[in-house]
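> Coordinates for the following, if possible.
(one chain, ligands or ions: 3)
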Amino acid sequence: MGRIGVLLLNLGGPDQLEDVGPFLFNLFSDPEIIRLPFPWLQKPLAWFISTRRTKLSQENYRQIGGGSPLRQITEEQAEALEKQLRTKGHEAKVYIGMRYWHPFTEEAIARIKRDNIERLVILPLYPQFSISTSGSSFRLLQRLWQEDPKLEKIEYTVIPSWYKQPSYLQAMAQLIAQELDKFPNPDAVHVFFSAHGVPKSYVEEAGDPYQQEIEECTALIMQTLDRPNAHTLAYQSRVGPVEWLQPYTEDALKELGAQGVENIAVVPISFVSEHIETLQEIDIEYREVAEEAGIHHFCRVPALNTHPVFIQAMVDLVEEAVKNPSLKLSQVTQMKKKVRMYPQERWEWGMTTTAEVWNGRLAMLGFLALVIELITGRGLLHFVGIL
Ligand SMILES: C=CC1=C(C)c2cc3[nH]c(cc4nc(cc5[nH]c(cc1n2)c(C)c5CCC(=O)O)C(CCC(=O)O)=C4C)c(C)c3C=C
Ligand SMILES: [Fe+2]
Ligand SMILES: [Fe+2]
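Ligands and ions are numbered 1, 2, ... in the order given. Here you go, the predicted structure:
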């Protein structure tokens with residue numbers, strides 16, 4: 001197969017509390033995270049929101065030991081994947097490209113160039129595609145490719161999403177089964193899938209296939225699990241005042257409690273590593289909500305991390321990608337059908353995408369927030385819950 005490079009894409013997380021502010025600034029500077037009609041407003045609003053959110057976010061990171069474990073886990077995954085690929089006879093090198101924190105995607109690309117990698121597989125560590133995650137990383141890569149003609153020499157292929165991969169489904173089912181079997185009556189435990197949310201407008205107006213892929217993935221995992229358990233899918237981690245995908249995890253937990261459900265196993269489904277939203281949000285915040293709702297036995301299925309069957313899934317994905325005709329970054333959005341990844345570019349030649357309702361709302365909110373803060377000394381975003 002020759003020498004291959006694998007670029008693992010991930011979000012990144014602050015290594016220590018001092019990193020939280022600049023990490024949040026990078027995150028909110030991304031037009032795929034906050035979609036604004038005016039590019040010039042992006043940085044001031046990112047600065048404003050990140051400054052105001054830092055304290056709350058730091059408190060959450062403090063509760064999980066003062067930083068995100070994402071870098072370390074991703075490094076372990078990369079090491080395990082490289083080892084496994086080499087065991088199978090491939091001369092492979094695995095790189096990590098984070099979107100908002102170290103090691104940044106730009107650094108990974110610089111190393112890939114230095115190492116004279118000629119064949120590259122681009123593998124996002126998100127099983128399902130969203131404009132806000134894999135889409136954002138692909139967009140960045142596309143820009144890097146446009147800016148540097150030398151990158152044209154690299155024969156690359158992109159894996160847009162891989163939630164149907166059989167070994168991945170097996171690994172998820174194994175982890176769930178292990179957790180269920182800790183209960184005295186495993187079949188009576190409610191399997192609660194908690195996916196990371198996105199604003200509803202991403203799906204309904206920008207055509208993000210995320211919700212559909214999450215729903216399909218949940219059904220496939222339940223099919224692979226092959227047990228009679230009841231299950232629910234809900235969405236967590238809402239940020240800001242707009243409507244996100246529903247039902248919200250918090251509401252779904254309360255409803256199950258009201259129905260008399262006492263045993264649940266929560267499955268984080270949009271992400272393959274432990275991170276703040278599993279360790280803090282699910283393990284601490286949602287556990288409390290569940291207990292108050294009368295769900296007395298609450299357990300959480302661990303994230304895949306370096307589960308050997310998951311590493312095998314990645315090996316299979318890489319081998320298939322190398323064998324198949326290459327998929328280019330520009331083809332991904334076409335494949336995902338009507339995904340409107342780049343609304344800002346459209347706005348440059350006239351505000352035609354009127355459907356981006358919440359962008360307008362957010363832009364107005366940004367302005368309003370600045371004015372209100374100047375007058376009252378308290379931010380509007382504080383009142384609407386973004387901070
Ligand atoms: C598939 C997973 C994720 C989706 C979809 C996603 C969308 C999304 N996220 C925000 C806002 C924030 N995300 C933050 C951290 C964060 N988000 C994900 C995953 C997805 N985000 C991860 C893995 C992490 C990093 C976790 C870590 O361990 O550090 C944060 C910062 C944390 C906090 O302050 O709560 C924010 C803010 C939006 C707005 C969005 C969709 C538009
Ligand atoms: Fe997020
Ligand atoms: Fe989040």
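> which is the next helix or strand following the helix ranked longest in the chain?
Under DSSP state H, the helix in the chain containing the largest number of residues is helix 42-63. Remark: after helix 42-63, the chain's next helix or strand is helix 70-87, criterion DSSP states H and E.
> what's next to that following helix, contact-wise?
4, 6, 8, 10-13, 15, 92-96, 98, 101-103, 125, 272-275, 305-306, 308, 311-312, 314-315, 318 (C-beta atoms under 8 Å, 6 or more residues apart in numbering). In short, each C-beta sits where N, CA and C put it, glycine included.
> Ligand 1 next: which of those residues are close?
Subset of the contacts of helix 70-87 in contact with ligand 1: 11, 13, 275, counting by C-beta under 6 Å from any ligand atom.
> Could you dump those into a markdown table with distance to residue 241 and neighbour count added?
Output for those, formatted as a markdown table (distance: C-beta to C-beta, whole Å; neighbours: other C-beta atoms under 10 Å):
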| residue | distance to residue 241 | neighbour count |
| --- | --- | --- |
| 11 | 23 | 23 |
| 13 | 24 | 24 |
| 275 | 24 | 22 |
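> Report the contact partners of residue 287.
298, 300.
> separation between residue 315 and residue 173?
Note on residue 315: its distance to residue 173, by C-beta to C-beta, to the nearest Å, is 19 Å.
> got it, and residue 305?
Taking C-beta to C-beta as the measure, residue 305 falls 16 Å from residue 173.
> Show the average pLDDT along stretch 198-214.
For stretch 198-214, mean pLDDT rounds to 96.
> Tell me how far that stretch lies from the chain's centre.
13 Å (C-alpha atoms, centre = their mean, to the nearest Å).
> can you list the residues of the protein near ligand 1?
11, 13, 27, 33, 53, 57, 68, 70, 126, 130, 132-133, 196, 198-199, 239, 270-271, 275-276.
> could you redo the last one with a cut-off of 5 Å?
For the chain, the residues in contact with ligand 1 (C-beta under 5 Å from any ligand atom) are 11, 13, 33, 57, 68, 70, 126, 130, 132-133, 196, 198, 239, 270, 275-276.
> Out of those residues, which sit inside helices?
Using DSSP H, the residues of the chain next to ligand 1 in helices are 57, 70, 276.
> Now, of those residues, which are buried?
For these, a burial check counting by 16 or more other C-beta atoms under 10 Å picks out 57, 70, 276.
> So the last one is in contact with residue 68, correct?
Yes - contact between residue 276 and residue 68 holds when scored by C-beta atoms under 8 Å: they sit 5.9 Å apart.
> Give the residues shared as contacts by those two.
Common contacts of residue 276 and residue 68 (C-beta under 8 Å, 6+ apart): 13, 61.
> where does the stretch 251-387 of the chain have low pLDDT?
Where the stretch 251-387 of the chain drops to pLDDT under 70, the residues are 337-338, 340-387.
> Please enumerate the helices of it.
276, 287-292, 308-323, 329-335, 343-348, 357-376, 380-384 (DSSP state H, counting those that start in this stretch).
> hmm, back to that, same list (the ones in helices among the residues of the chain next to ligand 1) but as JSON lines, adding distance to residue 181.
Listed next are those as JSON lines, based on distance: C-beta to C-beta, whole Å:
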{"residue": "57", "distance to residue 181": "36"}
{"residue": "70", "distance to residue 181": "29"}
{"residue": "276", "distance to residue 181": "28"}
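> Residue 153 is in contact with residue 145, correct?
No - using C-beta under 8 Å, residue 145 makes no contact with residue 153, being 11.0 Å away.
> Just want to know which of those two has more residues nearby.
Under the criterion of other C-beta atoms under 10 Å, the comparison of residue 145 against residue 153 puts residue 145 first, with 18 against 10.
> what about residue 49, distance to residue 238?
Look at residue 49 and residue 238: by C-beta to C-beta, they are 15 Å apart.
> Give me the more crowded residue out of the two.
Just comparing residue 49 and residue 238: by other C-beta under 10 Å the higher neighbour count belongs to residue 49, 25 against 20.
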